[in-house]
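Engineer: Requesting a structural model of the entry that follows:
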Amino acid sequence: MRSALLLVAALLLGCPDRRAPQVDENDPLIRKLKAEQERLAQGGAPGGPRGASPLKEPPPPLADVAQLPPDMPVPVPVKAEPAILEGTSVTARRMETAQIIGGTKVKLSTTDRFVRLVVSVTTSKETTFDLAKATLEKGGDVYELARDVQRVGQGSPLATSIAPGVAQDLVLYFELPPAAISSGLKLKLPASGATIEVPVL
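Structural biologist: Numbering: from 1, shown residues only. Got it, this is the predicted structure:
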């Protein structure tokens, strides 16, 4: 037994040193790994430059926005108060805003807002409406009909005639800054030589 214990002690004393090998600080791979660790510690994103953050991406440019499906229109409550002039009554019925208007082959986008306004018209005599000259106004600001959006969004024809006693809706498109879509907005609609002012918001 004594000899066996002496043999084990000799073996233990003869074992090589199992301490971790020394790391070469000048190794290119070691320097690269340390630089990456330092960059991540300073807020860099993996695989990106120092200080970059994956949570702070810039918004997509407008051209990229136009490639998205048309966004859902946002309804805006209207006053629905009729404006009557020489036997013609015009009432705002619906208003929607969107940043993308899509047709069958074309999409239009804006950093402001496209406005789709539907008005209901009744008249006691045949009346012709010149939608090309229709405007939305707020204070001293005037916004003309957006003809390209009118065409892509399939709005009403620019020259529309309505027979007496027949209620008909007119669909008009405009482009406005968001701040203009607020109380006091009104529609000016030329009709057979006169202009009807219709309260909208």
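
Engineer: quick one: low-confidence ranges for the protein?
Structural biologist: 1-25, 27-30, 32, 36, 39-71 (pLDDT under 70).

Engineer: List the residues that contact the residue lying closest to T123 once chain neighbours are set aside.
Structural biologist: Computed as CB to CB, 6 or more residues apart in numbering, the closest residue to T123 that is not its neighbour in sequence is T88, at 4.3 Å. C-beta: built from backbone N, CA, C; applies to glycine. Applying CB atoms under 8 Å, 6 or more residues apart in numbering to T88 gives the contacts 121-125, 127, 191-192, 196.

Engineer: and these, which are buried?
Structural biologist: 121-123, 127, 191-192, 196 (16 or more other CB atoms under 10 Å).

Engineer: Tell me the one of these nearest S183?
Structural biologist: Nearest to S183 among these, counting by CB to CB, is I196 at 20.0 Å.

Engineer: what about the closest one, which SS state?
Structural biologist: Here I196 is recorded as strand under DSSP: H, G, I helix; E, B strand; the rest coil.

Engineer: For beta bridges, what are the partners of it?
Structural biologist: Going by DSSP bridges, I196 is paired in beta bridges with L189.

Engineer: surely it meets L170?
Structural biologist: No. Applying CB atoms under 8 Å, one finds I196 not in contact with L170, separated by 11.2 Å.

Engineer: Between those two, which contacts overlap?
Structural biologist: L189.

Engineer: mind listing the helices for the protein?
Structural biologist: Remark: helices assigned in the chain by DSSP state H are 2-14, 28-41, 62-65, 147-152.

Engineer: Now do the last one: which elements does it pack against?
Structural biologist: In terms of contact count using 3 or more CB pairs under 8 Å, 6 or more residues apart in numbering; DSSP states H and E, helix 147-152 is assigned the packing partners strand 88-102, strand 107-123, strand 168-176.

Engineer: could those strands be laid out in a markdown table, adding distance to T160?
Structural biologist: Shown next, in a markdown table, are the helices and strands packed on helix 147-152 (distance: least, CB to CB, whole Å):
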| stretch | distance to T160 |
| --- | --- |
| strand 88-102 | 12 |
| strand 107-123 | 9 |
| strand 168-176 | 6 |
